[in-house]
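1. requesting a structural model of the entry that follows:
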Amino acid sequence: MVFFKKDEQLENLGNGILEATWATFPTLARNQIALTWIVYDPPVPVNTGGALTPDAFWNHPVRGFTYRGVERIYPASVVKLFYLVAVHEWLEKGMIQASKELERALGDMIVDSSNDATSLIVDILTGTTSGPELPPGPFETWKQQRHIVNRYYQSLGWDEMETINVCQKTWGDGPYGRERAFYGEMFENRNMLTTNAIARLLHSIVGGVAVASGRSQSMMNILKRSINPEDLPKDVEEDQITGFLGGGLPQNSQIWSKAGWTSQVRHDAAYIEIPNQRPYLLIVFTEGKANAKSREILPFVSQSIAQAISQL
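-> The predicted structure is shown next:
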């Protein structure tokens, strides 16, 4: 059971947008894109500063469209959203202590997508560290500890979280030592997410019910991005707007997002508000070398969805 209800209007619009995308980008195979789109009809239950109780929020029906939304796909840096929520859960429960260094790492992990910052966050969440390979006994204990974030998401009882894997650090060059052993011979223990799982997590953040309303608000603050070209960092390879979902939006839009990219994938997960339109969530994953390089596909999908929103 997905948390949103399927809807004929969105189904028609979504399928039309996918057909237009495949027609425009012939390198994109039908099994190289996955998408989840959630529309917030009035009365809008999100970005209210936590006005709704969790019960009221989860019982508020929302409609959506998904294509391959249950397919497990390597998420690249979009996994950092899951580590962001976990940090707030651990802080709320007193399992870890707030510190300036933790705060700095959280900001760098989300705002700049720093892999080094993520490495520290995963160490703090799991009480483990990277390093040389371990003897079998200690390695078993280490592996158990590294699965603590998976156990947390499974404990929520959400169907969407049953198939995900969020236990790995994100790398520049790749894992070494015990980290490489933990990936498995054929990398079978890589992080894996679905666009539906990400949509549910983001839905809980924008709904103000991820961990606690104050914590959801602080996550929203860190995920907020400017789409003004003058505000975008000039000295980075990817700024998480250009070539991503924010790149297809009108200049007066607001976006809260986390992108991910490697030489094989280009993904984005965003909550979007366009003045006088229904707000919405959009998660788009693309796979394949040529598509990962393309800075046109995600903005095209984003622009098409924004146009469809204006017709609702």
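
2. the longest helix seen in the chain - contacts with which helices or strands?
-> Identified as the longest helix of the chain according to DSSP state H is helix 8-24. Under the contact criterion of 3 or more C-beta pairs under 8 Å, 6 or more residues apart in numbering; DSSP states H and E, helix 8-24 touches strand 33-39, strand 63-67, helix 297-309. C-beta coordinates here come from the backbone N, C-alpha and C atoms, glycine included.

3. how about the strands in the stretch 201-312 of the chain?
-> If DSSP state E, counting those that start in this stretch is used as the criterion, the strands of the stretch 201-312 of the chain fall at 224-225, 254-261, 265-273, 280-287.

4. nearest approach to residue 38 belongs to which of the ones you listed?
-> strand 280-287 (4.1 Å; C-beta to C-beta).

5. could you check the angle strand 63-67 makes with the closest one?
-> 10 degrees (axes from the mean of the first three to the mean of the last three C-alpha atoms, to 10 degrees).

6. determine the set of other helices and strands touching strand 280-287.
-> strand 33-39, helix 195-206, strand 265-273, helix 297-309.

7. nearest to residue 170, of these?
-> strand 265-273 (12.1 Å).

8. quick check: neighbours of that closest one in the sheet, parallel or antiparallel?
-> Here strand 265-273 is paired, per DSSP bridges, with strand 254-261 (antiparallel), strand 280-287 (antiparallel).

9. deepest of the ones you listed, which one?
-> strand 280-287 (a mean of 26; mean count of other C-beta atoms under 10 Å).

10. next one: that strand to chain centre, how far?
-> Averaging C-alpha positions (C-alpha atoms, centre = their mean, to the nearest Å) puts strand 280-287 9 Å from its chain's average.

11. what's the answer for stretch 78-94, then?
-> 13 Å.

12. tell me which residue is most central in the protein.
-> For the chain, the residue nearest the mean C-alpha position is residue 78 (4.1 Å; C-alpha atoms, centre = their mean).

13. next, give phi and psi for it.
-> phi -60, psi -20 (degrees, to the nearest 10).

14. quick check: closest non-adjacent residue to it.
-> Nearest non-adjacent residue to residue 78, counting by C-beta to C-beta, 6 or more residues apart in numbering: residue 260, 4.0 Å away.

15. give the contact list for the one you found.
-> Listed by C-beta atoms under 8 Å, 6 or more residues apart in numbering, the contact set of residue 260 reads 75-80, 113, 266-268.

16. for residue 110, see how far away residue 256 is.
-> Here the criterion is C-beta to C-beta, to the nearest Å. By it, residue 256 lies 10 Å from residue 110.

17. oh, that last question was meant for residue 165, not what I typed.
-> 20 Å.

18. so these two - more neighbours on which side?
-> residue 110 (25 against 19; other C-beta atoms under 10 Å).

19. tilt between the host helix or strand of the more buried one and strand 254-261?
-> Assessed by DSSP states H and E, residue 110 sits inside helix 100-111. Using the same axes, to 10 degrees, one finds that helix 100-111 and strand 254-261 are set 90 degrees apart in direction.

20. buried sites along the helix or strand just after helix 100-111?
-> For helix 100-111, the succeeding helix or strand toward the C-terminus, using DSSP H and E, is helix 115-126. Of the residues in helix 115-126, 115, 117-122, 124-126 count as buried by neighbour count, 16 or more other C-beta atoms under 10 Å.

21. thanks again, I'm all set now.
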